[in-house]
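Novice: kindly return the folded structure for what I paste below:
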Amino acid sequence: MDPLSRVVELLQPRAVAWRVIKAHAPWGLKFPASKLVIFGQVMQGSCTMDREDGVSLTLCSGDFLLMAAPPAWTLHSSGTWRAIDFTRAFDDPSILLRAHDDGERTIFIAGRFSLALPHAEFLTRWTVPVVHVRAAEVARGRLGALLAILGEEVLADRPGRSLVSDRLLEILLVEALRHAPSRAPAAQPGLLAGLTDPHVGRALRFMHDNVGSAWTVEAMARQASLSRSAFSARFSAVVGTSPMEYLISWRMTVAQHALMNSTLSLSRIAEMIGYQSVSAFSLAFKNSVGCPPSAYRKGHTGTDRA
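Specialist: Numbers count the residues shown, from 1 in each chain. So this is what the prediction gives:
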C-alpha cells in the first residue's frame, strides 16, 4: 500500500454533515477554528475565503475547496458585509436570502467531516493546509462525480448509507489531495511533495512499508539512491523536516492508532514500529505526544472522534 493510502486509511473520515446554502450579496459567514476537515463547492456566483492565518482565496462557480483543521475563517461576498455565525446558516440554509432581492446570488455546498484522533494532526502537518481545485479540473476529473454521489447518499435514507458515505469520503479526500502537489508552490514542502520526488518518494514508500525496520539515515539514502548528505538535504527541502523526524512522526501516528484501536501489548506495539524495548518506545512516545503510551491508551480508548 502506498504512503498516501496508508495515511488515509488511518484517518478514517466519518460523520459527514453538509448543507446547500444560498445567499444574496452582501453576506458573510464566520467559522471558528476547527479540528474537522472542511470542504465545499461553489455552485453559482463567487465568494472569498479569508483565514485568520492570512490565507485568502477567491472561489468561482464550480471551484472546490478542502481544508484540514483550519484556524478561524470567514466566507463572504464582495462589497460591505457583516458575518453571521455559520451555525445559523446550517440550521436555516435560506437565512442569507432576501425576498425580491436582485443582488448577486451565490449558491454553495458547505460540508465537514471528522477524522480519527489523533491523525488529523498528521494530515495538517505533512500535507498542504488548503486544497483549491478550479472548476475546470473538478468538471473533467472525478471530484465532481464524487460530490454528486456523496450528496445523494447523505440526503437519501437507504440501507448502508453510513458505510457508503464513509468510503466516498475516503476517496474524496484522496482525490482532493492528489491535486495538491501539482497546484502547490514549489516552496510548500510536505508528504505530497515528497511522494512526487523520484528519490525522496522511493525512501518514503520503503519507510511506510517497513515502519518497524531499524532505519538509519544511511539506510534511507540507499533506498533513495543518494549519498547520505545529499539525501538529508533533499528530504529536508522537499518534506520540510529531517528524515528521522518524519519517521518518528509516522511511527507515533501508527502507535497512537494501535493504542486506540487494539489490545496489543506495549511491547508488541514497540516492536511493530521499530523500538527494541518498551522503555525506549515509552520515552519516544512521551517526548512526541506528551504522555506515556499507557496513559494515552487509557484516555483515548473508546473516545468519540473530534
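Novice: helices of the stretch 51-200 of the chain, start to end?
Specialist: Ranges of helices within the stretch 51-200 of the chain are 86-91, 119-126, 135-140, 143-155, 161-183, 191-196, 198-209, based on DSSP state H, counting those that start in this stretch.
Novice: and Val42, backbone torsions?
Specialist: The phi and psi values for Val42, taken as degrees, to the nearest 10, are phi -80, psi 120.
Novice: if I look at it, how far off is Leu65?
Specialist: From Val42 across to Leu65, the span is 8 Å (C-beta to C-beta, to the nearest Å). Bear in mind the C-beta positions are built from the backbone N, C-alpha and C, glycine included.
Novice: cool, Ile273 as well?
Specialist: Counting by C-beta to C-beta, the gap from Ile273 to Leu65 is 35 Å.
Novice: circling back: what touches both of Val42 and Leu65?
Specialist: Here Val42 and Leu65 share the contacting residues Leu59, scored by C-beta atoms under 8 Å, 6 or more residues apart in numbering.
Novice: secondary structure element holding Ser213?
Specialist: Using DSSP states H and E, Ser213 sits in no helix or strand.
Novice: quick one: residues contacting Pro32.
Specialist: Listed by C-beta under 8 Å, 6+ apart, the contact set of Pro32 reads Ala72.
Novice: show the pLDDT at it.
Specialist: pLDDT recorded at Pro32 is 95.
Novice: again, but for the one 10 residues further on
Specialist: If you check Val42, the pLDDT there is 93.
Novice: now swap in the one 3 residues further on and tell me
Specialist: In the predicted model, Gly45 carries a pLDDT score of 94.
Novice: for the residue sitting furthest away from the middle of the chain, give its distance to Arg142.
Specialist: Residue farthest from the centre of the chain, counting by C-alpha atoms, centre = their mean, is His100 at 40.1 Å. The spacing between His100 and Arg142, counted by C-beta to C-beta, is 40 Å.
Novice: what's the answer for Leu10, then?
Specialist: Taking C-beta to C-beta, one finds Leu10 at 22 Å from Arg142.
Novice: compare the two (neighbour count), which wins?
Specialist: Leu10 (19 against 14; other C-beta atoms under 10 Å).
Novice: just checking, which helix or strand of this structure averages the lowest pLDDT?
Specialist: When the helices and strands of the chain are scored by mean pLDDT, DSSP states H and E, helix 119-126 comes last with a mean of 68.
Novice: where are the low-confidence patches of the stretch 201-306 of the chain?
Specialist: Low-confidence segments of the stretch 201-306 of the chain, defined by pLDDT under 70: 301-306.
Novice: strands of the protein, start to end?
Specialist: 14-24, 28-31, 37-44, 46-51, 56-60, 64-68, 73-76, 83-85, 105-114, 130-133 (DSSP state E).
Novice: pairing partners for the fifth one, with directions?
Specialist: Its sheet considered, strand 56-60 pairs with strand 46-51 (antiparallel) by DSSP bridges.
Novice: next one: the third one
Specialist: Sheet pairing for strand 37-44, assigned by DSSP bridges, gives strand 64-68 (antiparallel), strand 105-114 (antiparallel).
Novice: kindly report the same for the shortest one.
Specialist: In the sheet containing strand 83-85, its partner strands are strand 28-31 (parallel), by DSSP bridges.
Novice: using CSV, write out every CA atom in the strand it pairs with.
Specialist: Extracted C-alpha coordinates of strand 28-31, given in CSV (Å, rounded to 0.1, in the frame of the first residue of the first chain):
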residue,chain,number,x,y,z
GLY,A,28,-20.8,36.8,5.3
LEU,A,29,-20.3,33.7,7.4
LYS,A,30,-17.8,33.2,10.2
PHE,A,31,-16.4,29.9,11.2
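Novice: ok, and the closest non-adjacent residue to Val130?
Specialist: Nearest non-adjacent residue to Val130, counting by C-beta to C-beta, 6 or more residues apart in numbering: Met67, 5.3 Å away.
Novice: from Ile21, how far off is Cys42?
Specialist: Just to correct that, residue 42 is Val rather than Cys. If you go by C-beta to C-beta, the gap between Val42 and Ile21 works out to 10 Å.
Novice: shared neighbours, the two?
Specialist: Common neighbours of Val42 and Ile21 (C-beta under 8 Å, 6+ apart) are Ile107, Phe108.
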